[in-house]
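*Asks:* Just to be clear, the model below is a prediction. Sequence and coordinates:
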Amino acid sequence: MEQRELPNSTLILVFGILSIVGCCCYGIAGIIFGIIALVMSKRAMEIYNTDPHLYTGYNNVKTGKILAIIGLVLSGISILITIVSLIVFGGMEGVEEMQREILREYGG
């Protein structure tokens with residue numbers, strides 16, 4: 001019996017990595033990639049559990065799922081920080097004013 005690669009196992013790993021990197025984009029990209037990776041990993045794990053001897057690449061799926069969870073948590077934190085900072089600094093106008101003040105003070 002020849003073993004086959006689990007469907008999308010490498011793609012799940014890539015999306016897990018992108019979910020961590022995406023948390024730097026205000027969290028939105030991280031959430032999108034994280035959710036996609038989790039959904040795909042759930043399906044791949046179901047396929048693997050039906051007959052584990054037929055498939056390889058299960059470690060990529062597990063790693064991608066863990067990275068997706070980490071990326072979702074970091075993205076959630078990033079979104080919360082963005083919301084809180086907008087509230088504290090009085091919206092985008094407050095943030096822009098703070099940036100102008102820093103530039104004046106430090107000669108930008």
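*Replies:* Thanks, I have the structure now. Everything numeric here is computed off the predicted structure, so don't read it as measured data.
*Asks:* all strands of this structure, in order?
*Replies:* 4-5, 55-56 (DSSP state E).
*Asks:* Need the winner for burial among these.
*Replies:* Counting by mean count of other CB atoms under 10 Å, strand 55-56 has the highest mean neighbour count of the strands of the chain, with a mean of 16. For every residue, glycine as well, the C-beta is placed using N, CA and C.
*Asks:* residues in contact with that strand?
*Replies:* 3, 4, 5, 6, 47, 48 (CB atoms under 8 Å, 6 or more residues apart in numbering).
*Asks:* Can you list the strands that it pairs with?
*Replies:* strand 4-5 (parallel) (DSSP bridges).
*Asks:* How far away from the center of its chain is the strand it pairs with?
*Replies:* Chain-centre distance of strand 4-5: 26 Å, with CA atoms, centre = their mean, to the nearest Å.
*Asks:* one step back: looking at the strands of the chain, which is closest to residue 31?
*Replies:* strand 4-5 (27.5 Å; CB to CB).
*Asks:* The longest helix belonging to the chain packs against which elements?
*Replies:* Across the chain, the longest stretch assigned as helix under DSSP state H is helix 58-88. Contacts defined by 3 or more CB pairs under 8 Å, 6 or more residues apart in numbering; DSSP states H and E place helix 58-88 against helix 9-21, helix 28-50, helix 91-106.
*Asks:* Can I get the strands of the chain in a markdown table including mean pLDDT and distance to residue 26?
*Replies:* What follows is the strands of the chain, written out as a markdown table (pLDDT from 0 to 100; distance: least, CB to CB, whole Å):
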| stretch | mean pLDDT | distance to residue 26 |
| --- | --- | --- |
| strand 4-5 | 91 | 34 |
| strand 55-56 | 92 | 37 |
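*Asks:* Identify the residues contacting the residue nearest the centre of the chain.
*Replies:* Centroid-nearest residue in the chain: residue 19, 1.9 Å away (criterion: CA atoms, centre = their mean). Counting by CB under 8 Å, 6+ apart, residue 19 touches 29, 30, 31, 33, 34, 37, 67, 68, 70, 71, 72, 75.
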